[in-house]
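[1] sequence-free structure coming up:
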Ligand SMILES: [Zn+2]
């Protein structure tokens with residue numbers, strides 16, 4: 001071959017490989033996601049019309065009907081409301097809290113922790129002991145803690161780049177603080193909000209009691225409120241803290257996971273699940289956490305339909321119920337899968353906000369993992385190149401027992417905890433293009449997993 005024709009041949013080869021069918025379809029998926037606002041519009045409707053949709057509430061069940069209706073309108077092959085028995089906790093009236101020192105009373109923003117008991121009508125007032133961790137409780141002992149309110153004030157570690165790791169590192173104060181403090185006779189617990197932001201939003205979240213230890217009420221305080229309380233205590237150890245919450249628990253009730261499905265053409269019995277959770281804390285609108293994950297998951301199916309892609313396997317969009325409180329939705333989904341002997345080929349969870357997509361975390365057997373991580377090359381043109389080992393999520397986690405590869409959608413994570421579980425988690429905080437790029441990344445990922453038999 002002459003040099004010139006060799007050169008032409010190489011050029012043709014590059015052109016052929018540069019635009020494989022997969023790359024063309026990924027481009028079409030991005031184009032579709034970036035020029036359509038259906039999912040964003042539906043997120044607005046969910047946020048504005050279905051606020052307060054914490055597990056077991058009438059609001060949550062109205063959100064279930066809204067999502068099921070959306071899926072029906074999109075002509076999916078099958079839509080199902082899968083019943084789930086869920087806990088029912090009621091927040092009650094708006095919480096009030098005050099710092100009182102040297103005759104000055106200052107109101108501070110607090111939010112009852114999910115599943116906490118209330119203080120009763122009268123509220124609760126006591127002096128305060130500030131600690132950073134459970135070890136300090138041991139050191140202080142009953143004599144310094146009994147009859148007091150324990151104030152857990154350890155911040156999320158700001159030096160960690162992985163904010164989810166920082167969240168995990170501070171989370172025991174919220175989930176276990178009341179039990180640990182009650183062991184030493186505390187009468188209530190105030191926990192510094194789990195956020196990297198300095199603001200006036202309390203960030204709630206679930207806590208748990210232990211049946212053998214007295215139950216005491218627990219609230220989250222905004223980070224600015226926590227800083228003020230800490231400063232006031234340093235100046236005056238006699239500082240009093242008072243709060244009033246009227247939360248309580250009702251018997252379990254019935255709610256639903258919502259399932260929308262497109263049947264596979266070659267292997268319809270093999271199921272690929274992509275989902276997020278529909279329940280959300282009542283303090284905000286549950287926009288990033290996790291209305292966005294739901295709408296992006298449904299968008300994956302809409303895009304597949306719109307582009308006429310015929311998936312080999314059955315693709316399911318899942319709106320899981322009860323991620324925030326007891327994770328009964330994810331457990332029930334796996335339980336039903338086992339009862340029906342379903343074949344779960346792959347699962348993707350979107351529950352880390354709808355910020356700029358960075359990549360995917362994947363847990364899979366080594367041979368499959370390697371091929372899945374190699375999909376990164378398709379995403380590089382879109383600035384999405386963070387494909388890492390280790391993925392999953394609370395809702396799809398129970399599918400792991402079937403050997404199903406589990407993955408998580410990973411968006412940029414520095415701003416997520418500004419909004420997480422707070423009144424700041426509103427539709428307005430979700431950026432249209434970041435949201436669309438996330439949907440595109442998820443749809444492309446699911447398409448490539450299915451297409452490549454990975
Ligand atoms: Zn969530």
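    Great, that's in hand. The structure displayed is predicted, hence computed values, not measured ones.

[2] Quick one: mean pLDDT for stretch 38-46?
    On average, the pLDDT along stretch 38-46 is 98.

[3] Now do the buried residues in it.
    Under the neighbour-count criterion of 16 or more other C-beta atoms under 10 Å, stretch 38-46 has 38-40, 42-44, 46 buried. Placement of C-beta: from N, CA and C, glycine included.

[4] In JSON lines, list these along with distance to residue 396 and secondary structure.
    Below are the buried residues of stretch 38-46 laid out as JSON lines (distance: C-beta to C-beta, whole Å; DSSP: H, G, I helix; E, B strand; the rest coil):
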{"residue": "38", "distance to residue 396": "24", "secondary structure": "helix"}
{"residue": "39", "distance to residue 396": "20", "secondary structure": "helix"}
{"residue": "40", "distance to residue 396": "24", "secondary structure": "helix"}
{"residue": "42", "distance to residue 396": "22", "secondary structure": "helix"}
{"residue": "43", "distance to residue 396": "21", "secondary structure": "helix"}
{"residue": "44", "distance to residue 396": "26", "secondary structure": "helix"}
{"residue": "46", "distance to residue 396": "21", "secondary structure": "helix"}
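
[5] List just the nearest of the residues you listed to residue 366.
    residue 39 (34.6 Å; C-beta to C-beta).

[6] Distance of that closest one relative to residue 371?
    For residue 39, the distance to residue 371 equals 29 Å [C-beta to C-beta, to the nearest Å].

[7] tell me the contacts of residue 205?
    113-114, 171, 174-175, 194, 220, 281, 324, 421 (C-beta atoms under 8 Å, 6 or more residues apart in numbering).

[8] Please apply the same query to residue 175.
    205-208.

[9] Is residue 116 in contact with residue 217, as I believe?
    Yes - shown here, residue 116 and residue 217 form a contact pair, counting by C-beta atoms under 8 Å, at 5.4 Å.

[10] before we move on, back to that, which members of the contacts of residue 175 are classed as buried?
    Using 16+ other C-beta under 10 Å, the buried ones in the contacts of residue 175 are 205-207.

[11] can the residues you listed go into JSON lines with extra columns for pLDDT?
    JSON lines is the format used below for the buried ones among the contacts of residue 175 (pLDDT from 0 to 100):
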{"residue": "205", "pLDDT": "98"}
{"residue": "206", "pLDDT": "98"}
{"residue": "207", "pLDDT": "98"}
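
[12] quick check, nearest of those residues to the ion?
    Nearest to the ion out of the buried ones among the contacts of residue 175 is residue 205 (C-beta to the ion; 9.9 Å).

[13] roughly how far apart are that closest one and residue 171?
    8 Å.

[14] joint contacts of those two?
    residue 194.

[15] Residue 233: what secondary structure?
    Secondary structure assignment for residue 233 (DSSP: H, G, I helix; E, B strand; the rest coil): helix.

[16] Tell me who's in contact with it.
    Residue 233 neighbours (C-beta under 8 Å, 6+ apart): 128, 130, 151, 239.

[17] and with 6 Å instead?
    130, 239 (C-beta atoms under 6 Å, 6 or more residues apart in numbering).

[18] hmm, back to that, quickly name whichever of the buried ones among the contacts of residue 175 is closest to residue 332.
    residue 206 (17.9 Å).

[19] what bridges to the closest one?
    residue 114 (DSSP bridges).

[20] Is it in contact with residue 114, as I believe?
    Yes - applying C-beta atoms under 6 Å, one finds residue 206 in contact with residue 114, separated by 4.2 Å.

[21] List the residues that are in contact with both of the two.
    residue 325.

[22] In CSV, list the buried residues of stretch 38-46 along with distance to residue 163.
    Formatted as CSV, the buried residues of stretch 38-46 follow (distance: C-beta to C-beta, whole Å):
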residue, distance to residue 163
38, 30
39, 25
40, 24
42, 27
43, 22
44, 26
46, 25
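
[23] Dump those to a markdown table, plus distance to the ion.
    A markdown table is the format used below for the buried residues of stretch 38-46 (distance: C-beta to the ion, whole Å):
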| residue | distance to the ion |
| --- | --- |
| 38 | 22 |
| 39 | 18 |
| 40 | 19 |
| 42 | 18 |
| 43 | 14 |
| 44 | 19 |
| 46 | 14 |
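
[24] Restricted to helices, list the contacts of residue 205.
    Among the contacts of residue 205, the members found in helices (DSSP state H) are 171, 174-175.

[25] which one of the residues you listed sits closest to residue 434?
    residue 171 (25.9 Å).

[26] ok, the closest one to residue 209 distance?
    Residue 171 is 16 Å from residue 209, by C-beta to C-beta.

[27] and the residue nearest to residue 78 when sequence neighbours are not counted, which of the three is it?
    Leaving aside its sequence neighbours, residue 78 sits nearest to residue 261 (C-beta to C-beta, 6 or more residues apart in numbering; 4.4 Å). Following three-state DSSP, we place residue 261 in the strand state.

[28] how many other residues sit next to residue 24?
    Residue 24 is flanked by 10 other residues according to other C-beta atoms under 10 Å.

[29] Quick one: residues contacting it.
    Applying C-beta under 6 Å, 6+ apart to residue 24 gives no contacts.

[30] now the helix or strand harbouring it, how far from the chain's geometric center?
    Here residue 24, judged by DSSP states H and E, is contained in helix 21-34. Here the centre of helix 21-34 is set off from its chain's centre by 27 Å, with C-alpha atoms, centre = their mean, to the nearest Å.

[31] Can you give me the buried ones in that helix?
    Buried residues in helix 21-34 (16+ other C-beta under 10 Å): 22, 25-30, 32-33.

[32] Using JSON lines, lay out those residues together with pLDDT and distance to the ion.
    What follows is these, written out as JSON lines (pLDDT from 0 to 100; distance: C-beta to the ion, whole Å):
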{"residue": "22", "pLDDT": "96", "distance to the ion": "31"}
{"residue": "25", "pLDDT": "98", "distance to the ion": "30"}
{"residue": "26", "pLDDT": "98", "distance to the ion": "27"}
{"residue": "27", "pLDDT": "98", "distance to the ion": "31"}
{"residue": "28", "pLDDT": "98", "distance to the ion": "30"}
{"residue": "29", "pLDDT": "98", "distance to the ion": "25"}
{"residue": "30", "pLDDT": "98", "distance to the ion": "25"}
{"residue": "32", "pLDDT": "98", "distance to the ion": "26"}
{"residue": "33", "pLDDT": "98", "distance to the ion": "22"}
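
[33] Wasn't residue 393 part of a helix?
    No - read with three-state DSSP, residue 393 is coil and lies in no helix.

[34] measure it to residue 407 for me?
    In terms of C-beta to C-beta, residue 393 sits 9 Å off from residue 407.

[35] got it, and residue 246?
    41 Å.

[36] Of these two, give the one with the bigger neighbour count.
    residue 407 (27 against 16).

[37] can you put the contacts of residue 175 in TSV and add distance to residue 343?
    Shown next, in TSV, are these (distance: C-beta to C-beta, whole Å):
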residue	distance to residue 343
205	35
206	32
207	37
208	34
